[in-house]
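Engineer: predicted model and sequence below, questions to follow.
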Amino acid sequence: MALAKMGLGRFMMTVSPPLGIAYISAYLRSRGYEAIIVDANAENLSEREVVLRIKRFRPDLVGFSIHTEVIFNAKIAEEIKRYDHRIITVAGGVAPSYIPRLILEKFTMFDFAVIGEGEMILHSLINTLEKKERLDKVKGIAYRQDGRVMLTPKQEYIQDLDSLPFPDRGSLPNNLYGISLRGPITLIETSRGCSGNCWFCAIATMFGSKIRTRDPQKVVAEIEESYCNYDIDFFILIDNTFTARKEYVYAITDEIIKRRLHKKIRWRCMTRVDCVDEQILKNMRRAGCREIGFGVESPHQDTLNFYRKGTTLKEVENAFALAKKAGLSTAALMIVNQYERNLDGAGKETIKFVKRIKAKRMILQPLIVYPQSSLHKYLLMKGRIKDENYNPFFEGKYLESKYIDFKRLIKITNNMYLSFYISLDYFIVVIKNIPLWKILHKIRIYLKNLFYK
């Protein structure tokens, strides 16, 4: 279980739909296959509960979307194989894309790993298996042959994102998705890829460094469909640099207003602090945007430089001031770097800075270091990572720090959340805007995981 889902982080993080899986499900359905989605995260399902769902469906193939929680998914795959060894198991997502060979070498219950965007690759793999053709013809996979893990050439990225069907929201528990207890919400993908060079980011590995955008009219059509068919009125636009392409943003906001959706829905987005101006923020507010998240990461310029962020603290302060002037709420996305010596002191400085820029929300995330990445090799060389034991990462925690253990990290992040959020104003907002049943549901989940090891 990832750090973001532990402790008070469960209350602050977005419980969001698995958009990649929903896209793959829709893609396969459009080509005549039957598919279901089991969202273990949103439903807080145990391994046993997930396996029972899968057994009832009696599938020929089971795909897993894996960020860092490899062991959780591997146990499910192992039980599925025990139930019926003929069922094909496929690992996809961030970790398999980063380290496909290592995943298949260590976790033999997975038959294949998908590297990168999954729609075309998985469809091609299924076709090949059905026809019993050679696996080396399928681009973008890892598989075993004569006891060795083989990697095929990379699959080209999907250039025409508009050729994809809308995600399969009909198979999702939409009422369970929300931001800080509010919901239902859904994700709307506006682009794939990132031209940034942040050292800790996995987006380029998954989707490439070239940004591919969707037709603004199709983006808004998907918003309208979600509102009409699933009663969803809060949307998160998925694009790490949404405001970098000004004309594209204006095209989307103008279409929202043209369809009069701005009177019915609310939405939020995320961007860089060096990609906003007053005019575009005001236009977004007029089109129903209520919150904008900025990847601030750190209150120290030398740390931002180390992360290869390419932004300055002055740009951070300016972006938050402009957003406030435009009437937008703001969220500061901050990294808790467990690989630095004085994390307690760094945490206090982070809270002080986030309060100074007057962010309304704060999201904390540990520094995720992927095994065998250049950042991993650097920290290992500097002695900040204990050793090359990957098991903590596979458990959904992190590569072990020389300075702090996982339990201590949870305590520090809890204290940071409490220091930032405990105020009379914040609790008044919570009471006024969040249904009681959602608060109780979140408390139940938190208590269930309180003593998680």
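Structural biologist: Right, received. Where do you want to start?

Engineer: count residues in the vicinity of Arg31, would you?
Structural biologist: 12 (other CB atoms under 10 Å). Yep, even glycine has a C-beta here, placed from its N, CA and C like the rest.

Engineer: ok, so what distance separates it from Glu119?
Structural biologist: From Arg31 across to Glu119, the span is 10 Å (CB to CB, to the nearest Å).

Engineer: can you check Ile66 too?
Structural biologist: For Ile66 relative to Glu119 (CB to CB), the value is 17 Å.

Engineer: for the residue nearest to Lys139 when sequence neighbours are not counted, what are its contacts?
Structural biologist: Distances taken as CB to CB, 6 or more residues apart in numbering place Gln155 nearest to Lys139, at 3.9 Å, with adjacent residues excluded. Listed by CB atoms under 8 Å, 6 or more residues apart in numbering, the contact set of Gln155 reads Ile115, Gly116, Glu117, Met120, Ile121, Ser124, Lys139, Gly140.

Engineer: what pLDDT does Lys5 get?
Structural biologist: For Lys5, the pLDDT comes out at 51.

Engineer: surely Met120 forms part of a strand?
Structural biologist: No. Secondary structure of Met120 (DSSP: H, G, I helix; E, B strand; the rest coil): helix, not part of a strand.

Engineer: report the separation between it and Arg285.
Structural biologist: Separation of Met120 from Arg285 (CB to CB) stands at 38 Å.

Engineer: can you give me the strands for the stretch 201-350 of the chain?
Structural biologist: 212-213, 234-238, 266-271, 289-297, 329-336 (DSSP state E, counting those that start in this stretch).

Engineer: could I get these as a markdown table with mean neighbour count, mean pLDDT and distance to Arg101?
Structural biologist: Converted to a markdown table, the strands of the stretch 201-350 of the chain look like this (neighbours: other CB atoms under 10 Å; pLDDT from 0 to 100; distance: least, CB to CB, whole Å):
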| stretch | mean neighbour count | mean pLDDT | distance to Arg101 |
| --- | --- | --- | --- |
| strand 212-213 | 16 | 94 | 27 |
| strand 234-238 | 21 | 95 | 29 |
| strand 266-271 | 21 | 95 | 32 |
| strand 289-297 | 23 | 96 | 30 |
| strand 329-336 | 21 | 95 | 28 |
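
Engineer: just so I know, which of the ones you listed lies nearest Val94?
Structural biologist: strand 234-238 (14.6 Å; CB to CB).

Engineer: and the angle from that closest one to strand 289-297?
Structural biologist: Interaxial angle, strand 234-238 versus strand 289-297 (axes from the mean of the first three to the mean of the last three CA atoms, to 10 degrees): 40 degrees.

Engineer: can you count the residues close to Lys218?
Structural biologist: 15.

Engineer: show me the contacts for it.
Structural biologist: Asp162.

Engineer: tell me how far it lies from Pro17.
Structural biologist: For Lys218, the distance to Pro17 - CB to CB - is 18 Å.

Engineer: residues contacting Lys282?
Structural biologist: Ala326, Gly327.

Engineer: mind pulling up the pLDDT for it?
Structural biologist: Per-residue confidence (pLDDT) for Lys282: 97.

Engineer: Phe200 too?
Structural biologist: pLDDT at Phe200 comes out at 88.

Engineer: so it is in which element?
Structural biologist: Using DSSP states H and E, Phe200 is not contained in any helix or strand.

Engineer: okay, domains of the chain per the record?
Structural biologist: Listed domain ranges for the chain are 18-151, 172-448 (source: automatic domain parsing).

Engineer: those: which one's closest to Leu161?
Structural biologist: Closest among the domains of the chain, using CB to CB: domain 172-448, at 4.7 Å.

Engineer: report the distance from that closest one to the chain centre.
Structural biologist: 9 Å (CA atoms, centre = their mean, to the nearest Å).

Engineer: what's the answer for stretch 63-79, then?
Structural biologist: 16 Å.

Engineer: which pLDDT value belongs to the residue sitting furthest away from the middle of the chain?
Structural biologist: Largest separation from the mean C-alpha position in the chain: Asp146, at 35.3 Å (CA atoms, centre = their mean). The per-residue pLDDT reported for Asp146 equals 93.

Engineer: what would the domains of the chain look like in a markdown table with distance to Leu164?
Structural biologist: A markdown table is the format used below for the domains of the chain (distance: least, CB to CB, whole Å):
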| stretch | distance to Leu164 |
| --- | --- |
| domain 18-151 | 6 |
| domain 172-448 | 9 |
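
Engineer: worst mean pLDDT among these?
Structural biologist: Minimum mean pLDDT among those: domain 172-448, a mean of 89.

Engineer: residue boundaries of the helices in the stretch 301-450 of the chain?
Structural biologist: Applying DSSP state H, counting those that start in this stretch to the stretch 301-450 of the chain gives helices spanning 301-306, 313-325, 343-356, 374-381, 391-394, 406-421, 424-433, 436-448.

Engineer: go through those helices and name the closest to Phe242.
Structural biologist: helix 313-325 (12.8 Å).

Engineer: using PDB, write out every CA atom in the closest one.
Structural biologist: Extracted C-alpha coordinates of helix 313-325, given in PDB (Å, rounded to 0.1, in the frame of the first residue of the first chain):
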ATOM      1  CA  LEU A 313      10.400  30.200  -5.800                       C
ATOM      2  CA  LYS A 314       9.500  33.600  -7.200                       C
ATOM      3  CA  GLU A 315       7.500  31.900  -9.900                       C
ATOM      4  CA  VAL A 316       5.700  29.800  -7.200                       C
ATOM      5  CA  GLU A 317       4.700  32.900  -5.200                       C
ATOM      6  CA  ASN A 318       3.600  34.700  -8.300                       C
ATOM      7  CA  ALA A 319       1.400  31.800  -9.600                       C
ATOM      8  CA  PHE A 320      -0.400  31.400  -6.200                       C
ATOM      9  CA  ALA A 321      -1.000  35.200  -6.100                       C
ATOM     10  CA  LEU A 322      -2.400  35.200  -9.600                       C
ATOM     11  CA  ALA A 323      -4.700  32.200  -8.900                       C
ATOM     12  CA  LYS A 324      -6.000  33.900  -5.800                       C
ATOM     13  CA  LYS A 325      -6.700  37.100  -7.700                       C
END
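
Engineer: now do it and strand 289-297, the angle between them.
Structural biologist: Angle, helix 313-325 to strand 289-297, by the same axes, to 10 degrees: 170 degrees.

Engineer: list the helices and strands helix 313-325 packs on?
Structural biologist: Applying 3 or more CB pairs under 8 Å, 6 or more residues apart in numbering; DSSP states H and E, one finds that helix 313-325 contacts helix 278-286, strand 289-297, strand 329-336.

Engineer: and that helix, which residues are buried?
Structural biologist: Leu313, Glu315, Val316, Asn318, Ala319, Phe320, Leu322, Ala323, Lys324 (16 or more other CB atoms under 10 Å).

Engineer: what's the closest of the residues you listed to Ser171?
Structural biologist: Ala323 (35.3 Å).
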